[in-house]
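Undergrad: Sequence first, predicted model second:
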Protein chains: 2
Amino acid sequence: MRPKIYLFGDSITEDSFSEGGWGASLANHFSRTVDVVLRGYSGYNTRWVLKVLDRVFPATQSGDGGIDGAPIAVTVFFGANDASLPDRYSGFQHVPLDEFKQNLHSIVSFIKKQWPTTVVLLITPPPIDEDGRIKHPYAENPEGLPERTNEAAGEYARACITVAGECGIPVIDLWRKMQQCPSWRKDFLWDGLHLTRRGNQVVFEEVVKKLKDEGLSLESIPIDLPPIADIDHNDPLKAFQLKAFQL
Amino acid sequence: MRPKIYLFGDSITEDSFSEGGWGASLANHFSRTVDVVLRGYSGYNTRWVLKVLDRVFPATQSGDGGIDGAPIAVTVFFGANDASLPDRYSGFQHVPLDEFKQNLHSIVSFIKKQWPTTVVLLITPPPIDEDGRIKHPYAENPEGLPERTNEAAGEYARACITVAGECGIPVIDLWRKMQQCPSWRKDFLWDGLHLTRRGNQVVFEEVVKKLKDEGLSLESIPIDLPPIADIDHNDPLKAFQLKAFQL
């Protein structure tokens, strides 16, 4: 049976199959080996997500990695909404920092309890370009102040890294990684928060790299049926008698 | 549980999650409602595929559309390799026309026997730009002749439509549809066979339209959890107590 990777997160995950999106790129990368399954919920924060975890990840009948069993990995990519400032127009999405940490712990525990061998990969929120947020507000914004700041996003990113350390799981510090590029604001974010094609490419490459560190790569995951290059032109059907391709 | 759509086919399916690909566009379109699952096998023809159907679509435990059950739809998109000319360099992929029809019947029967309520949507091979095939050969081609012709692809497309009629299932006549655009060769095909971004867009739109004709659309498939627009800013958690969002 083909293994699965769940992408679990907010709009940056939900949008990840749009053109050039990091989710589509992952599905393309693993096209013959892994099912990349989208569980993105635009606007959601960790508080809301905790209420619906059992609906996002229903209990499976076997924990052995079969078709109905454990995914090989889950990316958990929240924090951009939790980090909304409480006194601005996205305040209804805000979650206090301590609660965010606790919620992330609960999410990781839920997944690990259900699927102990699954790689849970945390991704921090991206940096925020406050000018971009002022130019692209989601709601009426008469004050003209950004509803998210890069400083706040950074605090939630650091919390995410702390939780990963406490849980002993891998994490992508997207907040820091993106800011290593001097032109990150325009290169990686189109509205100060959501990803451009190049921003999506950064996430894709980082996820592939981290999964590889965890032993999950095209080299380690078997292909389910013979690639065309392995098919004998003089006797094509021979390739399909090989049991080696049955997992 | 979230319903599934399988995309089953050759390289035009396997590549469908590359940038601008029709599979990724479908996954994005159905991002909150359907899992779009890739089962593309580059170079495969219907003869080879018949040998591995039970590995591509393993028997499920329930036929009721649950997470482990029937997909709501399967796209079956073969013929481009079957239609390779038998006496040119891709001759090892050739399948005679009568056998192709019989094989398509067998594929449809296999899926319908396993999952009687699943919509099986046939897609004909695309047209062939022979000049493109000469410019982009897959192998040494000293004769300088195309290994596929548009005429042959047309015969396999018509066979596909006949089979759809005999089985009483929907079909997309991609061969004809694309040729309605005078500049189809350059607009829709990059190597005379595989799809450009615009070619992918044609497939995406046709699949969405045909699925809608079969009652499968964003209007008819329930969303699994409340969209952000339905969340009360003054009492966000209320939305997550509603059982209406449980399928």
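TA: Looks like it came in fine. Numbers count the residues shown, from 1 in each chain, chains lettered A, B, ... in the order given.
Undergrad: Tell me how many other residues crowd residue A:183.
TA: Residue A:183 is flanked by 8 other residues according to other C-beta atoms under 10 Å in any protein chain shown. Heads up, the C-betas are built off the backbone N, CA and C, glycines and all.
Undergrad: can you pull the contacts of it?
TA: When contacts are counted by C-beta atoms under 8 Å, 6 or more residues apart in numbering or on different chains, residue A:183 touches no other residue.
Undergrad: what kind of secondary structure is the most centrally placed residue in chain A in?
TA: Within chain A, one residue has its C-alpha closest to the average C-alpha position: by C-alpha atoms, centre = their mean, that is residue A:75, at 4.0 Å. Using DSSP: H, G, I helix; E, B strand; the rest coil, the secondary structure recorded for residue A:75 is strand.
Undergrad: again, but for residue A:216
TA: When classified by three-state DSSP, residue A:216 comes out as coil.
Undergrad: Can you get me a residue count around it?
TA: 21.
Undergrad: Tell me, what's the model's pLDDT at it?
TA: In the prediction, the pLDDT value recorded for residue A:216 is 98.
Undergrad: again, but for residue A:66
TA: Taken from the predicted model, the pLDDT recorded for residue A:66 is 45.
Undergrad: swap in residue A:138?
TA: Checking the pLDDT column for residue A:138, the value is 89.
Undergrad: What backbone torsions are found at it?
TA: Main-chain torsions, residue A:138, degrees, to the nearest 10: phi -90, psi -10.
Undergrad: same question, residue A:7
TA: Reported as degrees, to the nearest 10, the phi and psi values for residue A:7 are phi -110, psi 110.
Undergrad: Residue A:172 too?
TA: Residue A:172 adopts backbone torsions of phi -100, psi 120, taken as degrees, to the nearest 10.
Undergrad: Report whether the expected contact of it with residue A:123 is present.
TA: Yes. Using C-beta atoms under 8 Å, residue A:172 makes contact with residue A:123 at a distance of 4.6 Å.
Undergrad: For these two, indicate the residue with more neighbours.
TA: Comparing residue A:172 with residue A:123 by other C-beta under 10 Å, the one with more neighbours is residue A:123, at 29 against 24.
Undergrad: Without its sequence neighbours, what residue ends up closest to the more buried one?
TA: Counting by C-beta to C-beta, 6 or more residues apart in numbering or on different chains, the nearest residue to residue A:123 once its immediate chain neighbours are dropped is residue A:77, at 4.0 Å.
Undergrad: Quick check: that neighbour vs residue A:171, distance?
TA: Using C-beta to C-beta, to the nearest Å, we find residue A:77 at a distance of 11 Å from residue A:171.
Undergrad: Ok, residue A:46 next?
TA: Here the distance between residue A:46 and residue A:171 works out to 15 Å (C-beta to C-beta).
Undergrad: who has more neighbours, these two?
TA: Counting neighbours by other C-beta under 10 Å for residue A:46 and for residue A:171 shows that residue A:46 has the greater number, 23 against 20.
Undergrad: residues in contact with that one?
TA: Applying C-beta under 8 Å, 6+ apart, one finds that residue A:46 lies in contact with A:78-79, A:82, A:95, A:99-100, A:103-104, A:107.
Undergrad: what would the residues you listed look like in a markdown table with pLDDT?
TA: Converted to a markdown table, the contacts of residue A:46 look like this (pLDDT from 0 to 100):
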| residue | pLDDT |
| --- | --- |
| A:78 | 98 |
| A:79 | 98 |
| A:82 | 98 |
| A:95 | 98 |
| A:99 | 98 |
| A:100 | 98 |
| A:103 | 98 |
| A:104 | 98 |
| A:107 | 98 |
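Undergrad: Now the buried members of those residues.
TA: The neighbour-count criterion (16 or more other C-beta atoms under 10 Å in any protein chain shown) marks A:78-79, A:82, A:95, A:100, A:103-104, A:107 among those as buried.
Undergrad: Now go through these and say which are in helices.
TA: Where those overlap with helices, as defined by DSSP state H, the overlap consists of A:100, A:103-104, A:107.
Undergrad: how about those in JSON lines, adding distance to residue B:119?
TA: Written out in JSON lines, the entries for those read as follows (distance: C-beta to C-beta, whole Å):
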{"residue": "A:100", "distance to residue B:119": "42"}
{"residue": "A:103", "distance to residue B:119": "39"}
{"residue": "A:104", "distance to residue B:119": "40"}
{"residue": "A:107", "distance to residue B:119": "35"}
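Undergrad: which outside residues touch stretch A:190-204?
TA: Stretch A:190-204 is contacted by residues A:11-12, A:15-16, A:19-22, A:25-26, A:29, A:80, A:123, A:126, A:128-136, A:146, A:148, A:172, A:174, A:177-178, A:185, A:187-189 when judged by C-beta under 8 Å, 6+ apart.
Undergrad: Can you say which helix or strand has residue A:176 in it?
TA: For residue A:176, the element it lies in under DSSP states H and E is helix A:174-179.
Undergrad: Buried residues of the next helix or strand after that helix, list them for me.
TA: Moving toward the C-terminus from helix A:174-179, the first helix or strand encountered (DSSP H and E) is helix A:184-188. Buried residues in helix A:184-188, defined by neighbour count with 16+ other C-beta under 10 Å: A:184-185, A:188.
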